[in-house]
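In: sequence first, then the predicted structure, then my questions.
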Amino acid sequence: MRADAAHNLELVLRTGARLLADDPSASITAIAAAAGVDRRTVYRRFASREDLLAAVYRARYDAVEEVIAAARLREAPVAVALHRYVEGIIEVNRRWPVETFRMLSENTIRDRRARFIDEVDHFLRRALDEGLLREDLPPGWIGALLPSLLLRAAEDLPELSAAQAADVVVDTLLRGLGAGKRDR
């Protein structure tokens, strides 16, 4: 793919993610206009709005996969991996703000999401085993809470960089859920 075509594709996908997050019924014409490309350019690449939406989700999950690999959830020291993961996912949530539940009916997306969840759950068990997180909470609670914290940080802390927002999330996790004694 030529550099300008790759740039246009990235622009269309990111614009599509933003517009579809705001309005799930956004048209290809509206997405093309907001991206500054002709709608025919979009239709040459995507036969339908659903195809474009599927490409947005694939791009989002590609980014999540890169974050999980870079965080080294199984190898890196737990605190380091936690911060890398949180920072990366905040950036993904900002770059690809679409609601992932809309595509769960597609098998490849659902299966891919399940693998990511398993990887993060394995990491959280490792964090519990190493004493970084409290083990007296109900099973699965931290794993259920983490995505909400990541989304809130991405959306509600726009004035902070992804790294700074990750500091807030990690501090919240470790002070609110950490194994250490808290001041009362």
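Out: Done, it's in.
In: how close does residue 120 sit to residue 34?
Out: When CB to CB, to the nearest Å is the yardstick, residue 120 and residue 34 sit 32 Å from each other. (C-beta placed from N, C-alpha, C; glycine too.)
In: what about the two, which has more around it?
Out: residue 120 (20 against 15; other CB atoms under 10 Å).
In: okay but that one is in contact with residue 146, surely?
Out: Yes. Counting by CB atoms under 8 Å, residue 146 is a contact partner of residue 120 at 7.3 Å.
In: poorly predicted segments of this structure, please.
Out: 1, 100-106, 177-184 (pLDDT under 70).
In: domain ranges for it, per the record?
Out: 1-46, 53-176 (automatic domain parsing).
In: state the next helix or strand along the chain beyond the strand or helix carrying residue 115.
Out: Assigned by DSSP states H and E, residue 115 falls within helix 107-129. Sequence-wise, the next helix or strand downstream of helix 107-129 (DSSP H and E) is helix 141-156.
In: for the protein, just list every one of the helices.
Out: In the chain, the helices defined using DSSP state H lie at 3-22, 28-35, 39-45, 49-71, 78-95, 107-129, 141-156, 162-176.
In: out of these, deepest packed?
Out: A comparison of the helices of the chain by mean neighbour count, using mean count of other CB atoms under 10 Å, puts helix 78-95 on top with a mean of 21.
In: which elements pack onto that helix?
Out: Using 3 or more CB pairs under 8 Å, 6 or more residues apart in numbering; DSSP states H and E, the elements in contact with helix 78-95 are helix 49-71, helix 107-129, helix 141-156, helix 162-176.
In: among those, which comes closest to residue 18?
Out: helix 49-71 (9.7 Å; CB to CB).
In: alpha carbons of that closest one, as PDB, please.
Out: Only the C-alpha atoms of helix 49-71 are listed here, as PDB (Å, rounded to 0.1, in the frame of the first residue of the first chain):
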ATOM      1  CA  ARG A  49     -20.600   0.600   6.900                       C
ATOM      2  CA  GLU A  50     -20.400  -2.800   8.700                       C
ATOM      3  CA  ASP A  51     -17.200  -3.600   6.900                       C
ATOM      4  CA  LEU A  52     -15.700  -0.300   8.000                       C
ATOM      5  CA  LEU A  53     -16.900  -0.900  11.500                       C
ATOM      6  CA  ALA A  54     -15.300  -4.300  11.500                       C
ATOM      7  CA  ALA A  55     -12.000  -2.800  10.300                       C
ATOM      8  CA  VAL A  56     -12.200  -0.200  13.100                       C
ATOM      9  CA  TYR A  57     -12.600  -3.000  15.700                       C
ATOM     10  CA  ARG A  58      -9.700  -5.000  14.100                       C
ATOM     11  CA  ALA A  59      -7.500  -2.000  14.300                       C
ATOM     12  CA  ARG A  60      -8.500  -1.400  18.000                       C
ATOM     13  CA  TYR A  61      -7.700  -5.000  18.800                       C
ATOM     14  CA  ASP A  62      -4.400  -4.900  16.900                       C
ATOM     15  CA  ALA A  63      -3.500  -2.000  19.200                       C
ATOM     16  CA  VAL A  64      -4.600  -3.900  22.300                       C
ATOM     17  CA  GLU A  65      -2.500  -6.900  21.200                       C
ATOM     18  CA  GLU A  66       0.500  -4.600  20.800                       C
ATOM     19  CA  VAL A  67       0.000  -3.200  24.300                       C
ATOM     20  CA  ILE A  68      -0.200  -6.600  25.900                       C
ATOM     21  CA  ALA A  69       2.900  -7.800  24.100                       C
ATOM     22  CA  ALA A  70       4.800  -4.600  25.000                       C
ATOM     23  CA  ALA A  71       3.700  -4.800  28.700                       C
END
